[in-house]
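Student: Sequence below, structure please.
(one chain, ligands or ions: 1)
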Amino acid sequence: MSSTPPRTLPTAQPPRATAWLIGALVALALFGNYYVYDSIGPVADLLQSQRGFSDSQVGLLNAIYSLPNVVLILVGGVLVDRFGAARMTLWTALVCLAGAALTAFSPNFSGMATGRLLFGIGAETFSIATLAAIADYFGGRSLAFAMGLALAIGRLGSFGADMSPTWFAAAYAQGWQPPLAIAAGVAATSLLASLAYWWLDRGPRRAGLLPTGAKAEKFVWRDLLHFGRAYWYLLALCVLWYSVILAFRSTYSIKYFQHVHGLDLAAAGQMNSYVFLAAVFATPAFGWLCDRLRRYAPFLAFGALLLPIALAVMALAPWSLWVSTALIGVSFSLVPAVMWPLASRLVAPSRFGTAIGLMWVAQNAGISGANLLAGWLNDQAGASAANPAGYGPMMAFFGTASLLGFACALLLWFTAGRRHHEQEQASRDAA
Ligand SMILES: NCCCC[C@H](N)C(=O)NCC(=O)O
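Tutor: Prediction:
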């Protein structure tokens with residue numbers, strides 16, 4: 001794809017130091033948010049042994065995060081365009097803190113589930129607002145690197161939550177509540193970082209140094225249908241790629257490594273967490289490379305291609321799991337590093353929140369659907385340690401979906417590769 005930025009940038013830009021300070025605050029806020037998102041897994045066992053929660057109840061504490069977002073996240077994206085990234089980051093960080101505190105201090109399951117619901121409602125819109133914040137401050141320079149860095153710090157939050165039983169062993173020794181109270185404390189840090197960002201943002205915004213204005217933008221439903229063809233290919237890739245990677249990696253991969261490749265639970269968990277760790281370093285590095293080479297769509301296509309290759313290697317080749325883990329690690333770092341900066345180039349700045357909101361509506365539906373379908377396929381085929389071949393249909397499903405994702409990335413490359421397409425589209429959106 002060509003390098004021409006279609007964003008209509010103001011002639012003057014915020015000072016670089018301000019941009020990086022805001023980038024750091026947004027990354028810190030994301031760290032807290034991703035930590036809370038992943039804080040249930042490590043206490044799952046304690047919730048079962050100490051509070052008598054069933055598997056379904058523990059599962060619901062995570063599922064309830066995605067469910068409302070199948071609809072609500074579009075509203076969230078529209079609100080980001082209407083009220084601006086800084087205000088929405090602050091408001092949603094407050095909702096997330098309320099959700100995290102309710103989860104940690106509720107005396108019963110329904111209180112905890114309400115807390116997770118509240119957290120989910122805030123967190124996805126919060127994530128859109130943080131992407132919009134980076135696009136505001138780095139639209140004309142180092143955008144992919146800055147977004148990659150912020151996402152990487154977010155992934156560090158996920159990694160931190162996975163590692164929290166080691167880092168906060170004393171808290172875990174006391175039971176299920178102290179680790180969740182720590183998560184609420186981390187959410188409070190996220191709120192403080194969001195408050196500082198909102199405070200710092202007022203100057204550049206009022207001075208007209210940002211591509212999105214100080215005034216609230218009016219939402220027009222018709223705008224939803226006016227994104228260009230390249231945007232829709234990107235949306236399809238987002239749904240297919242995230243559905244495969246999140247449903248497989250977050251739900252089934254550990255069990256699959258145990259049953260098909262004979263790893264014990266600890267080794268399987270570790271193998272899985274290396275994908276996060278790789279992404280912490282590789283996501284900003286790939287973003288930096290894209291900024292330098294001014295190429296986006298070919299990198300996206302390459303990252304999308306690695307996923308079906310990794311799944312095929314894992315399912316069909318007698319090679320070490322390290323090979324497929326490394327391939328998934330590169331894909332997991334490269335695709336997000338390119339996808340969000342590219343999205344900001346395909347639509348007008350004033351519609352960025354709506355565009356991401358629409359992508360995440362479909363993404364959340366896709367992830368839920370892929371989780372359910374993969375589980376059903378495993379049940380139908382009787383997948384287990386005694387019957388590793390039963391995982392075949394699930395792997396065929398994930399492989400097909402990831403190949404379709406690659407096809408969308410190719411179509412996107414051919415479409416967005418026409419040099420003036422994005423520019424024209426963005427101008428049309430802005431008009
Ligand atoms: N916080 C974990 C889930 C985030 C999902 C979100 N819709 C998203 O796609 N974020 C971008 C990313 O790559 O994490």
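Student: and the protein, what are its domains?
Tutor: Following automatic domain parsing, one finds the domains of the chain at 14-219, 220-431.
Student: Would you format the ones you listed as CSV with mean pLDDT and mean neighbour count included?
Tutor: C-betas here are computed from N, CA, C, even on glycine. Compiled in CSV, those are given as follows (pLDDT from 0 to 100; neighbours: other Cβ atoms under 10 Å):
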stretch, mean pLDDT, mean neighbour count
domain 14-219, 89, 21
domain 220-431, 86, 20
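Student: I'd like those domains as JSON lines, with distance to the ligand appended.
Tutor: Listed next are these as JSON lines, based on distance: least, Cβ to the nearest ligand atom, whole Å:
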{"stretch": "domain 14-219", "distance to the ligand": "4"}
{"stretch": "domain 220-431", "distance to the ligand": "4"}
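Student: where along the stretch 51-200 of the chain do the helices fall?
Tutor: In the stretch 51-200 of the chain, the helices defined using DSSP state H, counting those that start in this stretch lie at 55-66, 69-83, 85-105, 109-138, 143-167, 169-174, 177-206.
Student: The fourth one versus helix 69-83: what angle between them?
Tutor: Read it as helix 109-138. For helix 109-138 against helix 69-83, the angle by axes from the mean of the first three to the mean of the last three Cα atoms, to 10 degrees is 40 degrees.
Student: And helix 109-138, what does it pack against?
Tutor: Counting contacts by 3 or more Cβ pairs under 8 Å, 6 or more residues apart in numbering; DSSP states H and E, helix 109-138 packs against helix 16-37, helix 55-66, helix 69-83, helix 85-105, helix 143-167, helix 177-206, helix 321-346, helix 352-381.
Student: The same query, at a cut-off of 6 Å, please.
Tutor: Helix 109-138 makes packing contacts with helix 16-37, helix 55-66, helix 69-83, helix 85-105, helix 143-167, helix 352-381 when contacts are defined by 3 or more Cβ pairs under 6 Å, 6 or more residues apart in numbering; DSSP states H and E.
Student: nearest to residue 328, of the ones you listed?
Tutor: Proximity to residue 328 (Cβ to Cβ) singles out helix 143-167 among these, at 13.7 Å.
Student: ok, residues contacting that closest one?
Tutor: 23, 26-27, 30-31, 34-35, 38-39, 42, 134, 138, 172, 273, 276, 279-280, 283-284, 287-288, 290-291, 336-337, 340-341 (Cβ atoms under 6 Å, 6 or more residues apart in numbering).
Student: was I right about residue 122 contacting residue 90?
Tutor: No. Applying Cβ atoms under 6 Å, one finds residue 122 not in contact with residue 90, separated by 10.9 Å.
Student: can you tell me how far residue 114 sits from residue 348?
Tutor: Distance, residue 114 to residue 348, using Cβ to Cβ, to the nearest Å: 37 Å.
Student: and what of residue 287?
Tutor: 22 Å.
Student: Ok, residue 146 next?
Tutor: Residue 146 is 20 Å from residue 348, where distance means Cβ to Cβ.
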